[in-house]
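Q: model this:
(one chain, ligands or ions: 1)
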Amino acid sequence: MKIKVNWYGKEYPQDWEFFAECEEGKNIDISGKNGSESKKTAPSPKELVLQGMASCTAIDVISTLKKMRQVVESFTVECSAAQTEIHPKIFKESTLTYKLTGKNLEIEKVIHCIFLSFTKYCGVHAILEKSGCNIKPQIFINDKLIDLWDPQNKTQIKLQEWYENFGKNCSKGVALVIGTSRGIGKELVFKLEKEGYAVLPAGRTSFNFENENIFDSLFLDITKPYTTDYVKNLLIKTKIKISLLVQNAGISSTDLVQDDVNALQLTMHELRHVYDTNVFGIIESTNNLISVLEASAKVILVSSTMALRERDSFLTSVYRMTKRTINQYVRQAAMQITHEQRDVSIFALHPGSVKTDLNPSGKISVEESTTQIMEILADNFALNLKNNNGEFWIYDTEAKTWKIKF
Ligand SMILES: NC(=O)c1ccc[n+]([C@@H]2O[C@H](COP(=O)([O-])OP(=O)(O)OC[C@H]3O[C@@H](n4cnc5c(N)ncnc54)[C@H](OP(=O)(O)O)[C@@H]3O)[C@@H](O)[C@H]2O)c1
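A: Down below sits the predicted model:
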């Protein structure tokens with residue numbers, strides 16, 4: 001891709017008018033605003049960025065709708081955005097509003113097309129998201145505001161019914177577990193249910209647990225803050241409070257480089273990718289969900305002994321760095337909880353060296369690991385957790401015992 005920007009101006013330096021050419025040669029005017037008095041005659045560079053995002057997603061949506069044989073009469077995408085205060089000012093929040101009309105539009109299909117563009121295909125959206133912009137969707141179909149995640153309020157109604165019929169009768173309250181499609185998270189859902197928790201599994205990939213005390217997987221991708229908002233709002237609307245939050249989601253390296261990414265070869269793209277999930281995603285979603293926790297809730301952040309000096313190695317450097325950051329976040333959060341005289345317990349936890357997709361050479365099974373995690377959550381352990389708020393609990397695979405270490 002290659003473009004060229006040419007200056008139109010005659011009165012240097014007042015004149016902020018340009019025209020831009022793309023490879024095909026078509027021109028588009030671009031105009032800056034030189035002081036409050038000056039008049040802008042064309043989009044500014046930043047407006048072009050927003051126009052780029054709106055048109056990129058519009059192309060995705062309209063082309064997918066066509067494939068789904070939906071007849072659209074009118075379609076607009078509006079985009080608003082707020083910027084940071086300090087130069088260089090970047091977009092920190094944005095709302096993309098999709099407005100469609102059509103006589104026989106099938107809501108579920110329209111939602112599906114927008115969902116795919118929003119979460120997966122729109123490249124300009126992904127670029128802005130990677131710069132830290134929190135982009136929220138808003139959808140109107142035939143002038144009616146529709147919820148992207150729960151268009152007919154079906155999930156909300158189902159969740160309310162599940163809570164009334166099963167959830168609220170579970171002695172240990174409601175556990176929200178994030179990252180439950182496989183590995184430790186998936187097995188932990190079953191174990192928590194057996195121990196008396198009503199379980200809300202959440203993640204970017206769903207798994208059907210087929211158990212009445214376990215709700216259907218909720219869509220939550222920790223790298224996308226609006227998906228945590230969606231889960232939080234569902235809990236607020238249904239008045240469900242969480243007694244146990246397990247942050248289990250994690251990745252070991254990037255999708256681009258399969259195995260180890262070592263410190264001196266690390267590109268910033270790789271570094272950001274792993275931090276997006278293991279650090280920013282975990283911290284953002286934990287902070288966002290604090291308001292739906294019960295007063296004496298427990299919060300577990302699944303960490304790793306790879307964050308410890310005694311396990312030092314130059315290999316898998318980003319993973320180690322991220323888990324170390326998480327351990328420190330847990331300490332900081334616990335200190336704040338104590339300072340605010342709150343009753344929440346928060347701790348980091350190493351589940352052992354567990355054979356999973358993330359660690360194919362793990363020494364123990366998910367069964368053993370999750371059985372041990374249940375031990376630490378047992379009532380007779382509760383005081384230990386409370387008295388050790390902010391600590392790092394380690395399951396020692398060799399010694400078959402729990403220890404605390406920072
Ligand atoms: N296995 C070990 O020996 C070991 C040791 C120490 C710590 N841990 C930690 O234990 C946790 C679970 O690991 P595992 O071994 O069970 O790994 P795993 O089998 O690879 O499972 C990872 C889980 O995290 C989910 N996930 C990844 N990115 C996500 C995102 N952006 N949003 C929501 N969910 C996301 C995955 O969902 P998808 O299916 O959608 O990818 C999957 O369900 C991780 O935090 C890991 O660092 C593991």
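Q: SS state for the residue of the stretch 1-150 of the chain at minimum distance from the ligand?
A: Closest contact between the stretch 1-150 of the chain and the ligand, by Cβ to the nearest ligand atom, is at Thr119 (11.1 Å). C-beta here means a position set from N, CA and C on the backbone, and glycine is covered the same way. Per DSSP: H, G, I helix; E, B strand; the rest coil, the secondary structure class of Thr119 is helix.
Q: where do the strands of the stretch 201-350 of the chain begin and end?
A: 218-219, 242-247, 293-302, 345-350 (DSSP state E, counting those that start in this stretch).
Q: the shortest one vs the ligand: in contact?
A: No: Strand 218-219 is not in contact with the ligand by Cβ under 6 Å from any ligand atom; minimum separation 9.2 Å.
Q: show residues contacting that strand.
A: For strand 218-219, contacts defined as Cβ atoms under 8 Å, 6 or more residues apart in numbering pick out Trp149, Thr155, Leu200, Pro201, Ala202, Gly203, Arg204, Ser206, Thr227, Tyr230, Val231, Leu234.
Q: so for it, mean pLDDT?
A: Mean per-residue pLDDT for strand 218-219: 95.
Q: note down every partner strand of that strand and its orientation.
A: strand 198-203 (parallel) (DSSP bridges).
Q: so the partner strand, near the ligand or not?
A: Yes: for strand 198-203 and the ligand, the contact criterion (Cβ under 6 Å from any ligand atom) is met by Gly203.
Q: give me the distance from that strand to the chain's centre.
A: 15 Å (Cα atoms, centre = their mean, to the nearest Å).
Q: got the angle between that strand and strand 242-247?
A: Here strand 198-203 runs at an angle of 30 degrees relative to strand 242-247 (axes from the mean of the first three to the mean of the last three Cα atoms, to 10 degrees).
Q: residues in contact with strand 198-203?
A: The contact list for strand 198-203, computed with Cβ under 8 Å, 6+ apart, reads 162-163, 166-170, 172-181, 185-186, 189, 192-193, 207, 209, 213-215, 217-221, 231, 240, 242, 249.
Q: which of those residues are buried?
A: The neighbour count (16 or more other Cβ atoms under 10 Å) marks 162-163, 167, 170, 172-180, 185-186, 189, 192-193, 207, 209, 213-215, 217-221, 231, 240, 242, 249 as buried among those.
Q: so which bits of the stretch 101-250 of the chain are right by the ligand?
A: Proximity of the stretch 101-250 of the chain to the ligand, by Cβ under 6 Å from any ligand atom, involves residues 178-185, 203-205, 221-223, 248-250.
Q: and if we set it to 8 Å?
A: Contact residues, the stretch 101-250 of the chain versus the ligand (Cβ under 8 Å from any ligand atom): 178-186, 202-205, 220-224, 247-250.
Q: could you measure from the closest residue in space to Thr286 that isn't next to it in sequence over to Asn288?
A: The shortest distance from Thr286 to any non-neighbouring residue, by Cβ to Cβ, 6 or more residues apart in numbering, is to Gln247 (5.9 Å). Separation of Gln247 from Asn288 (Cβ to Cβ, to the nearest Å): 12 Å.
Q: which of those two has more neighbours?
A: Ranked by neighbour count (other Cβ atoms under 10 Å), Gln247 and Asn288 place Gln247 first, with 28 against 15.
Q: how many neighbours does Ile86 have?
A: Ile86, neighbours per other Cβ under 10 Å, totals 7.
Q: can you check Gln83 too?
A: The tally of other residues near Gln83 (other Cβ under 10 Å) stands at 14.
Q: look up phi and psi at the closest residue in space to Asp276 that isn't next to it in sequence.
A: Excluding its sequence neighbours, the residue lying closest to Asp276 (Cβ to Cβ, 6+ apart) is Thr223, at 4.9 Å. Thr223 has phi and psi values of phi -90, psi 0 when expressed as degrees, to the nearest 10.
Q: surely Thr223 and Val279 touch.
A: No: between Thr223 and Val279 there is no contact under Cβ atoms under 8 Å: 10.5 Å.
Q: all helices of the stretch 1-150 of the chain, in order?
A: Secondary structure of the stretch 1-150 of the chain by DSSP state H, counting those that start in this stretch: the helices cover 45-67, 107-116, 123-130.
Q: quick check: which of those is nearest to Ser80?
A: Nearest of the helices of the stretch 1-150 of the chain to Ser80, taken as Cβ to Cβ: helix 45-67 at 8.1 Å.
Q: pull out the buried positions in that closest one.
A: 49-50, 52-54, 56-58, 60-62, 64-65.
Q: if we look at the worst-scoring helix or strand of the chain on mean pLDDT, which residues are touching it?
A: Lowest by mean pLDDT, DSSP states H and E among the helices and strands of the chain is helix 382-387, with a mean of 82. The contact list for helix 382-387, computed with Cβ under 8 Å, 6+ apart, reads Lys298, Ser345, Phe347, Ile376.
Q: pretty sure the third one contacts Ile300?
A: Yes: with contact defined as Cβ under 8 Å, Phe347 reaches Ile300; the gap is 6.3 Å.
Q: fine by me, thanks again.
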